[in-house]
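A.B. asks: Predicted model, plus sequence, below.
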Amino acid sequence: MADTKIGFGFYHHMLNDDGYRFARQCGATHAVVHLVDYFHKGYQNDNHPDNQPVGDSDGWGRAGATRHLWTYNSLTRIREDMAKHGLTLYALENFDPADWYDVLLGGQKRDEQLEVLKGIIRDAGRAGIPVIGYNFSIAGVAGRIQGAFARGGARSVGADGGEHTPIPNGMVWNMWYDPNARSGTVPQSDEDTLWARLEYFLNAVLPVAEEAGVRLAAHPDDPPFASVRQQPRLVYTHDRYQKLLDLVPSSSNALEFCLGTLQEMQDGDIYETIERHVGAGQVAYIHLRNVVGKVPKYHEVFLDEGELDVVRVMKLLDRLGYEGVVIPDHTPLMDCTAPWHSGMAYAMGYIRALKQCIQNP
């Protein structure tokens, strides 16, 4: 019987005793941490930092505000503080755009920035953090909409046709790395060029990751359109996961399985995809959420009301012997004084109950 770990996703402002206690009270034993401050000096229609960034044409915020956290000493302190509350720091998620914009764009500072990323990977390994998740995307998570899409009118996010506005110079991954950049827009690229940039990145960092004992876990493109903001995407269909793994074979070349994003894709059987990659030991950790619809139009909903059969997923993970981490990456907001916390507690309780029922039929 598999010992699937139940994790909790932390944004940087939640890295404190209150956040750790809440996660443990929800039943989490492991943590996936976003160190990037996505909203720093940004404008998101008064969106609370707990909520999901939507990603309009103005971007989320300015990159680089939390770069001081990406050091061995800081990572060790976070890991030790979590351990006091019974949490294992399992993964970091998303590099700061300020540290790798030219890696994504193929710019002049690419090799210089790759050295920074290598240092982060080494520090994560030294600090005992086994996984770093990343999304190799120029546009990032852009073009989502908000609405009362979930049961009872709970607010969540979705997509309705995507975002086609060109990206202004100085922005990548929907964040400003240079708000004073010259006027104009990021030159339009193509899919082959972006795959070549990914290959360059993987060839540079995977040997370092192997030595450091860190797995780099690739997130699929969310939302999974073939292009967003006139820029190509990489993993927007199920079969492209295998292409990524085959690009640079390595024990450190792994997948971050976002089941909501996979369910949003037009092609593929999600249960066959789970069986293929989880069964082969290629999945470092899993985002679990549910949706109704597929691109170009879908809405996120509660775990127990969407088109993904979450009970079947959890049974499949158990049968395949998956002992990695599953987290609810985001969830609809519930109408109360703590909308995000109540929605997350509901999702955590649902996952824990499924795990217990499967393991103790």
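C.D. replies: Here it is on my side, so go on.
A.B. asks: start to end distance for stretch 289-303?
C.D. replies: End-to-end distance for stretch 289-303: 6 Å, by CA to CA, to the nearest Å.
A.B. asks: do stretch 259-273 as well
C.D. replies: OK, stretch 259-273 end separation, CA to CA: 10 Å.
A.B. asks: which residues touch that stretch?
C.D. replies: 159, 219-224, 236-239, 241, 274, 286-291, 293-295, 298, 300, 306-309, 312-313, 316, 329 (CB atoms under 8 Å, 6 or more residues apart in numbering). C-beta: built from backbone N, CA, C; applies to glycine.
A.B. asks: Select only the buried ones of those residues in PyMOL?
C.D. replies: Selection of buried members from the contacts of stretch 259-273 for PyMOL, criterion 16 or more other CB atoms under 10 Å:
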select buried, resi 159+219+220+221+222+223+224+236+237+238+241+274+286+287+288+289+290+291+293+295+298+300+306+308+313+316+329
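A.B. asks: In strands, which of the contacts of stretch 259-273 fall?
C.D. replies: Members of these lying in strands (criterion: DSSP state E): Ala159, Ile286, His287, Asn290, Val291, Gly293, Lys294, Tyr298, Glu300.
A.B. asks: Dump the residues you listed to JSON lines, plus pLDDT.
C.D. replies: Shown next, in JSON lines, are those (pLDDT from 0 to 100):
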{"residue": "Ala159", "pLDDT": "93"}
{"residue": "Ile286", "pLDDT": "98"}
{"residue": "His287", "pLDDT": "97"}
{"residue": "Asn290", "pLDDT": "97"}
{"residue": "Val291", "pLDDT": "97"}
{"residue": "Gly293", "pLDDT": "97"}
{"residue": "Lys294", "pLDDT": "97"}
{"residue": "Tyr298", "pLDDT": "97"}
{"residue": "Glu300", "pLDDT": "96"}
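A.B. asks: could the residues you listed go into a markdown table alongside distance to Ala280?
C.D. replies: Shown next, in a markdown table, are these (distance: CB to CB, whole Å):
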| residue | distance to Ala280 |
| --- | --- |
| Ala159 | 30 |
| Ile286 | 14 |
| His287 | 19 |
| Asn290 | 25 |
| Val291 | 25 |
| Gly293 | 29 |
| Lys294 | 25 |
| Tyr298 | 28 |
| Glu300 | 28 |
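A.B. asks: Among the residues you listed, which one sits closest to Leu15?
C.D. replies: His287 (19.3 Å; CB to CB).
A.B. asks: Distance of that closest one relative to Ser183?
C.D. replies: According to CB to CB, to the nearest Å, His287 and Ser183 sit 37 Å apart.
A.B. asks: Pro223 too?
C.D. replies: 28 Å.
A.B. asks: what do you get for Asn174?
C.D. replies: The separation that Asn174 has from Ser183, given CB to CB, amounts to 19 Å.
A.B. asks: Beta-bridge partners for Ile327, please?
C.D. replies: His287 (DSSP bridges).
A.B. asks: That one against Val33, yeah?
C.D. replies: No: Ile327 is beyond contact range of Val33, at 10.7 Å (criterion: CB atoms under 8 Å).
A.B. asks: who's more crowded, the two?
C.D. replies: When Ile327 and Val33 are compared on other CB atoms under 10 Å, the one with more neighbours turns out to be Ile327, at 28 against 25.
A.B. asks: ok so, going back, the more surrounded of Asn174 and Ser183?
C.D. replies: Higher neighbour count among Asn174 and Ser183: Asn174, with 29 against 7, using other CB under 10 Å.
A.B. asks: Give me the nearest residue to that one, chain neighbours excluded.
C.D. replies: The shortest distance from Asn174 to any non-neighbouring residue, by CB to CB, 6 or more residues apart in numbering, is to Gly140 (4.0 Å).
A.B. asks: Which residues are in contact with the one you found?
C.D. replies: Gly55, Pro97, Val172, Trp173, Asn174, Met175.
A.B. asks: per-residue pLDDT, the first one?
C.D. replies: What the model reports for Gly55 is a pLDDT of 54.
A.B. asks: what do you get for the one 4 residues further on?
C.D. replies: Here the pLDDT value assigned to Gly59 is 78.
A.B. asks: Now do the SS call for it.
C.D. replies: Using DSSP: H, G, I helix; E, B strand; the rest coil, the structure places Gly59 in coil.
A.B. asks: Below-threshold pLDDT in the stretch 101-250 of the chain: ranges please.
C.D. replies: The model of the stretch 101-250 of the chain has no residue with pLDDT under 70.
A.B. asks: Tell me where it has helices.
C.D. replies: Counting by DSSP state H, counting those that start in this stretch, the stretch 101-250 of the chain has helices at residues 110-126, 191-212, 240-247.
A.B. asks: want to try CSV for the ones you listed, with distance to Asp267 as columns?
C.D. replies: Output for the helices of the stretch 101-250 of the chain, formatted as CSV (distance: least, CB to CB, whole Å):
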stretch, distance to Asp267
helix 110-126, 31
helix 191-212, 16
helix 240-247, 10
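A.B. asks: Out of the ones you listed, the one nearest Pro339 is which?
C.D. replies: For Pro339, the closest of the helices of the stretch 101-250 of the chain is helix 110-126, at 32.0 Å, according to CB to CB.
A.B. asks: Name the residues of that closest one that are buried.
C.D. replies: Arg110, Gln113, Leu114, Val116, Leu117, Lys118, Ile120, Ile121, Arg122, Asp123, Ala124, Gly125.
A.B. asks: OK, contacts around Phe257?
C.D. replies: Phe257 neighbours (CB under 8 Å, 6+ apart): Ile274, His277, Val278, Val283, Tyr285, Ile286, His287.
A.B. asks: Parallel or antiparallel, list what pairs with the strand or helix carrying it.
C.D. replies: Here Phe257 sits within strand 253-258, counting by DSSP states H and E. Its sheet considered, strand 253-258 pairs with strand 215-218 (parallel), strand 283-287 (parallel) by DSSP bridges.
A.B. asks: Cool, thanks, signing off.
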